[in-house]
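1. Sequence below, structure please.
(one chain, ligands or ions: 1)
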Amino acid sequence: MLNGKVAVVTGGSRGIGRALCISFAKAGADVAFLCRRDSEEAAATREEAGAAGVRCEKYICDVSDFDEVKAAFEKIIAEFGTVDILVNNAGVTCDKLLLSMKPEEFDRVVKTNLYGTFNTIKQVYPIFCRKRSGRIINISSVSGIIGNAGQANYSASKAGVIALTKSIAKELGPRNITCNAIAPGFVETDMTAAFAASDEILKSIPIRRFARPEEIASLAVYLAGDDAACITGSVFTADGGLTCR
Ligand code: NAP
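-> Residues are numbered from 1 along each chain as shown. Have a look, this model is predicted:
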């Protein structure tokens, strides 16, 4: 389905990002993924995605740093030739009430989640425009749609990702480039490990469970495929019914 395509995934070492790398690889795409640390987890992603018979390489890079992102993409282009699909998945939380949130804690979350998305889109923008094709998929969150107490920094960053997504969709639609967002609810990853067992949370989710990372990844693969060519500027909630009204 994505044979011959090159997908770049940020935050590919763990959680949803690892599932994205593996799912894109299984769909036939070569995968370049970014992560902050050179960890055993990153090596495991590379091995698991590579086992699908495609090329998979990791690039250590802080997505919040424009110059590091630029350098990483220069390497990726040199090694893979091009980029066809960009998935902005790298993200962090630093949850606390606004009263005790330090400016640097607001900054760090917004810099990673929102500026990080801007930084990577800047790298593929001219390439996609030249080719008159390209797919951008940004991982937002339901917190960016409905807000969440204790997550002012995170929610603001993820709402920003949604507005960025819609703006890019309008800007690049005429060039045959699509840009969509996925807004997960609770997903089984390190990010939610601290409260995975709470009955109260499970009761608030109609399907009574967290999503699995692969379930988010399969939606991203769909959005990157030919069948999704007319879908752009959309936000897909994948939250087990958590926020349905
Ligand atoms: P995770 O398990 O905590 O993994 C985070 C990933 O992002 C790791 O690969 C990490 O790399 C990378 N990363 C963090 N900061 C980075 C930076 N500055 N530069 C480069 N890479 C960085 O997270 P997850 O739960 O899979 O979440 C993935 C995305 O889904 C995030 O955007 C998150 O906000 C969103 N999301 C998650 C949930 C959920 O319930 N889990 C719900 C809604 C939305 P290292 O391994 O090197 O640290």
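2. Quick one: distance of the lowest-mean-pLDDT helix or strand in the chain to the chain centre.
-> Least confident helix or strand, the chain: helix 199-204 with a mean of 92, by mean pLDDT, DSSP states H and E. Here helix 199-204 is found 26 Å from its chain centre; the criterion is CA atoms, centre = their mean, to the nearest Å.
3. Please apply the same query to stretch 183-195.
-> 14 Å.
4. Buried residues in that stretch, which are they?
-> Buried residues in stretch 183-195, counted by 16 or more other CB atoms under 10 Å: A183, P184, G185, F186, V187, E188, T189, T192. All C-beta spots, glycine's among them, are computed from the backbone N, C-alpha and C.
5. Neighbours of R208, how many?
-> 11 (other CB atoms under 10 Å).
6. So what's the residue count around the closest residue to it other than its chain neighbours?
-> Setting aside the residues directly before and after it, R208 is nearest to L202 in space (CB to CB, 6 or more residues apart in numbering), at 5.5 Å. By other CB under 10 Å, 15 other residues sit near L202.
7. Sketch out the low-pLDDT regions of this protein for me.
-> Applying pLDDT under 70 to the chain flags the ranges 196-197.
8. contacting residues around the closest residue to G15 other than its chain neighbours?
-> Nearest residue to G15, sequence neighbours excluded (CB to CB, 6+ apart): T189, at 3.2 Å. By CB atoms under 8 Å, 6 or more residues apart in numbering, T189 lies in contact with R14, G15, I16, P213.
9. Also T45?
-> Neighbours of T45 in contact, by CB under 8 Å, 6+ apart: G12, S13, R14, G17, R18, C21, I22, F33, C56, K58.
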